[in-house]
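Chemist: sharing a sequence plus its predicted fold:
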Amino acid sequence: MSDLFDGRFALERRLIDGVAINFRHGGDGPPLLLLHGFPQSHVLWHRIAAQLASRFTLVMPDLRGYGDSARPGSGPDHAAYSKRALARDVGGLMRSLGFESFLVCGHDRGGRVAHRLALDAPQMVRQMVLLDISPTRTMYERTNMQFASLYYHWFFLIQPEPLPERLIGADPVFYLHKKIGGFGSQRLDIFDPRALAEYERCFTLPGAVHSMCEDYRASASIDLEHDRADAAQKIACPLHVLWGERGVVHRLFTPISDWQEKCSLPVTGRPLPSGHYIAEECPDILADELRTFFTV
């Protein structure tokens, strides 16, 4: 996939506490960790990476269970795919690169990993941007018929193994296209064909669907336990939230006030003219937002 990144970013794979993490990195300036979401990989950032490389040193990993990163086995408590486990992966990766503190931008599931990282290792996160999410616990506790219909995958993917794995596995590319063609976008042509091919390749790797289901099972169980235990703890760093005005989060939630409940500092943000996949639908606007907000 070097053509998508113009050969400007090194591709590596490192063991972080025994888990192999695949990632790209490059650029110049303060370190910026970019975390993708479901059902994608670090390729999500290909349209903004070059724009940011002159201002930031970018680190773009595939989350555990996604892309070409490892897919560890998981037990009944789904702890191996908890956001705490994924946050330890990316925090450990940044330390391995010599970065003890850094900026973070997370989209979708990556935003939930960023949230947990900011709670578990606040000394590491200088500033944070979250894309098209409200807090996990908030979204589950406000579930109604409309949300359950529009975000049906939150409830489908958490069903006990092997139901969703077997059903998706019957035609994984069909499911992938239906999923990413929705989310407020309603079409696949927002994606570069090379990026779409990469998402298809990774989604059909052995164990990929199972690990993604485990991510969602963790969110509906152990992640909520962690969130409830930390209910009084606030995000201590400056936070900026962006969301697509054609997406479900915009229709059903109030991202700034939702996140303000979780933060000790004032939260800023706004909707952008996109659906869910902000980095691929309006990359220039997103790059401007990141350059403006990240001042460290």
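Modeler: Looks like it came in fine. Residues are numbered from 1 along each chain as shown.

Chemist: any weak-confidence spans in the stretch 1-150 of the chain?
Modeler: Within the stretch 1-150 of the chain, the ranges that satisfy pLDDT under 70 run 1-2.

Chemist: all strands for the protein, in order.
Modeler: Counting by DSSP state E, the chain has strands at residues 10-16, 19-27, 31-35, 57-61, 102-107, 125-131, 239-244, 267-272.

Chemist: what packs against the fifth one?
Modeler: Secondary-structure packing of strand 102-107 (3 or more CB pairs under 8 Å, 6 or more residues apart in numbering; DSSP states H and E): strand 31-35, helix 109-120, strand 125-131. Heads up, the C-betas are built off the backbone N, CA and C, glycines and all.

Chemist: would you mark the buried spots in the shortest one?
Modeler: Taking 16 or more other CB atoms under 10 Å as the neighbour-count basis, strand 31-35 is seen to contain the buried residues 31-35.

Chemist: farthest pair within those?
Modeler: Longest distance between any two of these is 13.1 Å, between 31 and 35; criterion CB to CB.

Chemist: which residue sits closest to residue 198, ignoring its sequence neighbours?
Modeler: residue 43 (4.9 Å; CB to CB, 6 or more residues apart in numbering).

Chemist: likewise residue 252?
Modeler: Closest residue to residue 252 apart from its sequence neighbours, by CB to CB, 6+ apart: residue 147 at 5.4 Å.

Chemist: isn't the one you found right up against residue 155?
Modeler: No: using CB atoms under 8 Å, residue 147 is not in contact with residue 155, being 9.7 Å away.

Chemist: coming back round to it: can you put the buried residues of strand 31-35 in a markdown table and add distance to residue 22?
Modeler: Output for those, formatted as a markdown table (distance: CB to CB, whole Å):
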| residue | distance to residue 22 |
| --- | --- |
| 31 | 18 |
| 32 | 18 |
| 33 | 14 |
| 34 | 14 |
| 35 | 13 |
